[in-house]
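model the following, please.
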Amino acid sequence: MRDLAPPLRAVRAVIFDTDGVITDSARLHATAWKATFDAYLREHPPRLPAHWRPFDISTDYPLYVDGKSRREGTTAFLESRGIKPISETVEALAAAKDRRYTERLRSGNPVPAYPGTVDLLHALLEADVLVAAVSASRHARELLVEAHVMSLFDTVVDGSEADRLGLRGKPAPDLFLEAAHRLRTVPAQAVVVEDALAGVEAGERGGFGLVVGVDRTAGRNRTDELLSHGADLVVADLCELLMEGAAP
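A predicted model of the protein is given here:
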């Protein structure tokens, strides 16, 4: 039996980001973005030589697209390469990325949930803590079903819901606030768990009681950035938020 660590013992709800926190799907997004942007840059080279470099998953992904909607991520990356975002171009690139991501998602190789996250979810449910999943992606529900964890969540706020409700993307806190509202919990009594810089910033902006950053990189080289963007604490795996309980 494992108990919740002290930071989680007095909370009423925990709201999880999906990609990279619940499921090992951030890598699919990153490779789909790289293929999309690299193809565009080859066909439309930026004017300045300093902007000719291809999309870098280790630096460009967390800085410009991770945690954001496809349109916002596309706009941010184009601007980083000195390219003025035109609505038609943004829409075309966002759609191309979505096609590539969907192909990878449905390739026949299920994307697993992280074991440490699943362990934490079960401990939260045993402690009667409400849990929600949020994502800027409209494929979040499909991911959660395929990873066999959909039934563990009290509510899900995904990209489709965001579009329907007119919710702003991260770093605006709208997705998390909507999840807290559905859980009938005020932000001060809830926790946000995120691996994206835009996500931890959204948690801080939303006034959540605790913002947990997740840094799965080798060497924990994103921890300082997560802390500077709004995380209160950073873990390498969510099993760090569990403790060994007393034997029954």
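
distance check, the closest residue to residue 41 other than its chain neighbours against residue 42.
Once flanking residues are discounted, residue 41 sits nearest to residue 54: 6.4 Å by CB to CB, 6 or more residues apart in numbering. Every C-beta, even on glycine, is put in place using the N, C-alpha and C of the backbone. Distance of residue 54 to residue 42, computed by CB to CB, to the nearest Å: 9 Å.

how much space separates the residue nearest to residue 41 from residue 60?
From residue 54 to residue 60 the distance is 9 Å (CB to CB).

common neighbours of these two, please.
Shared contacts of residue 54 and residue 60 (CB atoms under 8 Å, 6 or more residues apart in numbering): residue 37.

so which of the two has more stuff around it?
residue 60 (22 against 12; other CB atoms under 10 Å).

give the contact list for the closest residue to the more buried one other than its chain neighbours.
Once flanking residues are discounted, residue 60 sits nearest to residue 77: 6.5 Å by CB to CB, 6+ apart. Neighbouring residues of residue 77 by CB under 8 Å, 6+ apart: 33, 37, 55, 60, 64-65.

among those residues, which one lies nearest to residue 140?
residue 65 (16.0 Å; CB to CB).

any stretches of the chain with poor pLDDT?
For the chain, the stretches with pLDDT under 70 are 1, 245-248.

can I see the domain layout of it?
Split into domains by automatic domain parsing, the chain comes to 2-24+112-244, 27-105.

helices of the chain, residue ranges please.
For the chain, helices defined by DSSP state H occupy the ranges 26-43, 60, 70-80, 87-105, 115-126, 140-146, 159-165, 174-182, 197-205, 223-228.

out of these, flag the one nearest residue 17.
Across the helices of the chain, closest to residue 17 is helix 197-205 (CB to CB), at 5.3 Å.

other residues contacting that closest one?
Contacts of helix 197-205 (CB under 8 Å, 6+ apart): 17, 62-63, 66-68, 169-173, 175-176, 192, 194, 211, 213, 225-226, 229-231.

quick check on these: which are buried?
17, 62, 66-68, 169-173, 175-176, 192, 194, 211, 213, 225-226, 229-231 (16 or more other CB atoms under 10 Å).

neighbours of residue 163, how many?
There are 11 residues near residue 163, going by other CB under 10 Å.

show me what contacts it?
Counting by CB under 8 Å, 6+ apart, residue 163 makes contact with residue 138.

ok, so what distance separates it from residue 192?
Going from residue 163 to residue 192 by CB to CB gives 21 Å.

do residue 224 as well
As defined by CB to CB, residue 224 lies at a distance of 19 Å from residue 192.

next: residue 74.
Distance of residue 74 to residue 192, given as CB to CB: 25 Å.

export the helices of the chain to JSON lines and tack on distance to residue 153?
Formatted as JSON lines, those follow (distance: least, CB to CB, whole Å):
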{"stretch": "helix 26-43", "distance to residue 153": "19"}
{"stretch": "helix 60", "distance to residue 153": "31"}
{"stretch": "helix 70-80", "distance to residue 153": "23"}
{"stretch": "helix 87-105", "distance to residue 153": "19"}
{"stretch": "helix 115-126", "distance to residue 153": "8"}
{"stretch": "helix 140-146", "distance to residue 153": "7"}
{"stretch": "helix 159-165", "distance to residue 153": "13"}
{"stretch": "helix 174-182", "distance to residue 153": "10"}
{"stretch": "helix 197-205", "distance to residue 153": "17"}
{"stretch": "helix 223-228", "distance to residue 153": "23"}
